[in-house]
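**Q** build me a model:
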Amino acid sequence: MAYDIWGYRATSKYAPGADLVGYRVEAVDGSIGKVAAATEEVGSAHLIVDTGPWIFGKHVMLPAGVVQEVDPAEQRVYVDRTKEEIKSAPRYDAGFHHEDVGYREKLGHYYGPFYLR
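**A** All right, here's what the predicted structure looks like:
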């Protein structure tokens, strides 16, 4: 099945234009932090998640394709990855990686093989 790891799934209940900033992010095995920024740009939609103390206050970038469900009533975003998978993802540096096509490609390859769990 062809997919775009950089786009929200049709089944995710993501409403275009929704402001996800502040939503809690839930991995399959627990909370990983809150959405610090989100974009729905075609071909590069993603979330920036502030992990707080979970992994020493770092930010991580998650491609929109890992979003399994958005729950506006609970203000939660559920992703279909484990905390360890997210922690082990290629390191994110906001000053360097936000617009870096090479980084997004590396991240897409990292998350891509596990798509649609």
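**Q** with adjacent residues omitted, what lies nearest to the residue most central in space within the chain?
**A** Among the residues of the chain, the one closest to the centroid is L62, at 2.5 Å (C-alpha atoms, centre = their mean). Using C-beta to C-beta, 6 or more residues apart in numbering and skipping the chain neighbours, the partner closest in space to L62 is L47 (4.7 Å). Placement of C-beta: from N, CA and C, glycine included.
**Q** ok but the one you found is inside a strand, no?
**A** Yes. Applying DSSP: H, G, I helix; E, B strand; the rest coil, one finds L47 inside a strand.
**Q** I figured it hits E40, correct?
**A** No. Counting by C-beta atoms under 8 Å, L47 sits too far from E40 to count as a contact (10.3 Å).
**Q** more neighbours: these two, which one.
**A** Set side by side, L47 and E40 show more neighbours around L47, with 25 against 16, by other C-beta atoms under 10 Å.
**Q** and that one, what are its bridge partners?
**A** L47 has these beta-bridge partners by DSSP bridges: A38, L62.
**Q** before we move on, what's the pLDDT of it?
**A** On pLDDT, L47 comes in at 94.
**Q** next up, the contacts around it.
**A** Applying C-beta atoms under 8 Å, 6 or more residues apart in numbering to L47 gives the contacts L20, V25, V35, A37, A38, M61, L62, A64, V67, V77.
**Q** mind checking how far it is from Y111?
**A** Noted for L47: a distance of 12 Å to Y111, by C-beta to C-beta, to the nearest Å.
**Q** quickly list what's touching both of these two.
**A** Residues touching both L47 and Y111 (C-beta under 8 Å, 6+ apart): L62.
**Q** quick one: which helix or strand includes P53?
**A** Of the helices and strands defined by DSSP states H and E, none includes P53.
**Q** mind listing what's buried in the longest helix anywhere in the chain?
**A** Longest helix of the chain, by residue count under DSSP state H: helix 101-111. Going by neighbour count (16 or more other C-beta atoms under 10 Å), the buried part of helix 101-111 is Y103, R104, L107, G108, Y111.
**Q** that'll do, ta.
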